[in-house]
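Q: sharing a sequence plus its predicted fold:
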Amino acid sequence: MDMQWNGWGDPAKAAPLPDSVTGLLRDLLGVKPRSTPALGLEDIRLPAPAVAPAALKALAAAVGGEEHVRTDLESRVRHTRGKSTPDLLRIRAGDVADVPQAVVLPAGHDEVLAVLRACAAHGLAVVPFGGGTSVVGGLAPQRSAFVALDLRRMNGLLDLDPVSRTAVLQPGLRAPDAEALLAGHGFTLGHFPQSFEWATIGGFAAARSSGQASAGYGRFDEMVLGLTLATPEGTIETGRAPRSAAGPDLRQLFLGSEGAFGVITSVTVRIRPLPETRLYEGWRFGSFEEGATALRRLAQDGPRPTVLRLSDETETLIGLAQPDAIGAGPAPGDAGCLAITGYEGTAEDTAHRRERAAAVLKACGGTPAGTAPGERWAHGRYSAPYLRDALLDVGAFAETLETAAFWSRLPGLYTAVRTALTDTLTRAGTPPLVMCHISHVYENGASLYFTVVSAQGEDPVAHWTPAKHAACEAVLAAGGTISHHHGVGTDHRDWYVREAGPLGISALRAVKRRLDPEGLLNPGVLLPTD
């Protein structure tokens with residue numbers, strides 16, 4: 001099944017907002033219904049593919065037949081851009097400026113190499129495409145003549161080593177399918193980002209993804225033990241041991257490279273035994289600062305839960321910490337901030353960690369709220385993108401951005417980004433609701449994940465762009481990183497260039513030129529084009 005072409009996920013799971021929430025948006029933010037109806041797929045108009053017959057013939061030969069090269073309207077539209085709010089607003093308005101000329105579906109590493117050779121011969125750029133869940137412009141290259149390299153046929157479990165606890169997965173394998181395959185052998189990857197239902201293994205590696213259970217299982221880049229890449233100049237294989245002192249770790253060069261240096265064709269990952277038990281619960285704190293101190297204590301001194309997240313006062317009040325209860329707000333007397341803790345593992349270890357963590361949380365001012373908030377969060381943990389689409393349907397603008405910093409810088413970063421978003425959108429005549437949570441913690445720092453809701457304005461994309469730019473400027477000025485887990489794409493590229501510095505970018509350009517001398521791979525994504 002494909003995702004909705006103009007929205008997130010499974011159409012059967014999309015639900016309209018309750019009237020009470022629609023009324024709240026109208027009264028609080030001045031949200032008005034859309035003035036023009038959304039277009040249907042049948043309303044989209046595309047020019048004929050600008051690909052020479054000889055190029056299509058070469059691509060078909062590379063992937064085993066014409067049936068694996070698609071140039072029909074629906075296939076091309078479904079591979080246009082990603083799933084950020086601006087992406088969806090543009091596609092709903094019929095803007096298909098970034099449409100690929102063809103969609104190519106290889107079945108293995110050698111076919112990917114053959115596609116790259118064919119594209120080099122015919123001057124076509126290549127955009128690797130997994131689940132299509134990018135929210136930072138990672139699928140919108142700065143080249144009109146490009147093909148989308150859809151990796152869905154590369155969706156297998158190639159090897160599983162129960163002694164070493166490793167698995168080799170293909171890049172087009174969706175996360176739920178990967179979990180099902182591993183569970184058949186008694187293992188889990190433990191990577192559960194909000195995009196879990198649709199994102200792929202290759203996409204996780206290419207964007208340095210971080211899952212909602214990162215406190216226990218780690219980020220995806222920590223799980224990767226080896227990578228195989230196809231580049232226009234040949235094959236690269238990395239990771240012959242769990243750790244090595246044999247020079248710089250090339251895995252780290254390609255993790256987060258977003259398809260700009262090569263196409264990931266297999267990923268060797270660390271796996272863990274399936275947990276005997278999973279338990280999630282809620283805690284209340286009087287303030288975001290108080291809750292953040294508690295999270296820092298657990299991250300630095302332990303015991304660290306598997307899931308550890310904290311919503312600020314606004315997010316808690318609105319109910320976004322528990323998407324299934326949106327708009328309900330906290331119960332009387334439960335104002336403040338909601339934290340969710342989760343424990344996975346053996347029954348004995350889970351009980352022990354939970355008991356010790358509870359002592360820390362209480363010592364930091366936390367009040368237990370029972371398992372109900374945690375279970376509601378777990379039940380609705382993948383619901384937020386559907387909620388975003390429902391907000392767009394009624395005329396609201398909803399978007400997210402995230403960053404991370406060291407603990408000492410986190411309060412200033414939180415204030416700076418909130419202020420930048422609030423001031424910019426208020427000056428534009430659409431005062432926003434800005435919410436935030438901490439969802440990934442480390443010994444030395446944590447992430448901040450912001451959700452912004454406002455009225456759309458006359459031109460929603462143009463309306464949002466200055467606010468996003470102001471937030472990015474605030475991130476760098478306050479000492480944060482421009483992206484914690486969504487990646488760089490084209491949206492964050494200019495700020496990434498400043499974060500990495502001129503010499504760092506020059507070094508990456510040298511890598512790009514050696515592996516992709518014609519600049520075919522995702523041009524303009526991650527790095528500016530020459």
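A: It's in.

Q: contacting residues for the closest residue in space to L250 that isn't next to it in sequence?
A: Residue nearest to L250 in three dimensions, not counting chain neighbours: T238, with 4.5 Å by Cβ to Cβ, 6 or more residues apart in numbering. Backbone N, C-alpha and C define where each C-beta goes, glycine included. By Cβ atoms under 8 Å, 6 or more residues apart in numbering, the contact set of T238 is 226-229, 249-251, 254.

Q: and the helices in the stretch 251-400 of the chain, which stretches?
A: 288-301, 313-318, 347-363, 371-379, 384-393 (DSSP state H, counting those that start in this stretch).

Q: and the contacts of T238, which of them are buried?
A: The neighbour-count criterion (16 or more other Cβ atoms under 10 Å) marks 226-229, 250-251, 254 among the contacts of T238 as buried.

Q: how about those residues in CSV, adding pLDDT?
A: Below are the buried ones among the contacts of T238 laid out as CSV (pLDDT from 0 to 100):
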residue, pLDDT
G226, 98
L227, 98
T228, 98
L229, 98
L250, 95
R251, 96
F254, 97
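
Q: and of those residues, the nearest to E276?
A: Distance to E276, by Cβ to Cβ, is smallest for G226 among those, at 28.9 Å.

Q: how about residues contacting the helix or strand containing that closest one?
A: According to DSSP states H and E, G226 maps onto strand 224-231. For strand 224-231, the surrounding residues in contact (Cβ under 8 Å, 6+ apart) are 109, 112-113, 116, 166, 168, 205, 235-240, 242, 251, 254-255, 261-270, 515-516, 521.

Q: okay, and which of the residues you listed map to strands?
A: Using DSSP state E, 166, 168, 235-238, 263-270 are the members of these that sit in strands.

Q: ok, those residues vs A183, which is closest?
A: When the ones in strands among the contacts of strand 224-231 are compared against A183 (criterion: Cβ to Cβ), the nearest one is V269, at 14.3 Å.

Q: what's the local residue count around R208?
A: For R208, the tally of surrounding residues (other Cβ atoms under 10 Å) stands at 22.

Q: can you pull the pLDDT of it?
A: For R208, the pLDDT comes out at 97.

Q: could you pull up the residues touching it?
A: 219-221, 255-256, 485, 487.

Q: can you check A455 too?
A: Here A455 is in contact with 29-32, 395-397, 430 (Cβ under 8 Å, 6+ apart).

Q: quick one, phi psi at it?
A: Main-chain torsions, A455, degrees, to the nearest 10: phi -70, psi 160.

Q: check P523 too.
A: Backbone phi and psi, for P523 under degrees, to the nearest 10, turn out to be phi -60, psi 130.

Q: assign L88 to helix, strand or coil.
A: At L88 the chain is in helix, as set by DSSP: H, G, I helix; E, B strand; the rest coil.

Q: what subset of the contacts of strand 224-231 is buried?
A: By 16+ other Cβ under 10 Å, the contacts of strand 224-231 give 109, 112-113, 116, 166, 168, 205, 236, 238-239, 251, 254-255, 261-270, 515-516, 521 as buried.

Q: what's the closest of the contacts of T238 to G457?
A: The closest of the contacts of T238, once distances to G457 are taken by Cβ to Cβ, is F254, at 39.7 Å.

Q: which residues touch that closest one?
A: 205, 227, 229, 236, 238, 261-262, 264.

Q: end-to-end on stretch 398-418?
A: 15 Å (Cα to Cα, to the nearest Å).

Q: which pLDDT value goes with the closest residue to G218 other than its chain neighbours?
A: Nearest non-adjacent residue to G218, counting by Cβ to Cβ, 6+ apart: G190, 8.0 Å away. In this model, G190 is scored at 97, pLDDT.

Q: what strand or helix carries V77?
A: Using DSSP H and E, V77 falls in helix 73-78.

Q: by contact count, what packs against that helix?
A: Secondary-structure packing of helix 73-78 (3 or more Cβ pairs under 8 Å, 6 or more residues apart in numbering; DSSP states H and E): strand 102-104.

Q: pull out the buried residues from stretch 140-149.
A: Buried-residue list, stretch 140-149, by 16+ other Cβ under 10 Å: 140-143, 145-149.

Q: where does this structure have low pLDDT?
A: 35, 320-334 (pLDDT under 70).

Q: number of nearby residues for the nearest residue to L515 once chain neighbours are set aside?
A: Distances taken as Cβ to Cβ, 6+ apart put T231 closest to L515, at 4.4 Å, once the chain neighbours are dropped. By other Cβ under 10 Å, the residues close to T231 number 20.

Q: so what's T231 bridging to?
A: G234 (DSSP bridges).

Q: roughly how far apart are it and V126?
A: Between T231 and V126 the computed distance is 11 Å (Cβ to Cβ, to the nearest Å).

Q: now do the shared contacts for those two.
A: Counting by Cβ under 8 Å, 6+ apart, the residues touching both T231 and V126 are 116, 263, 521.
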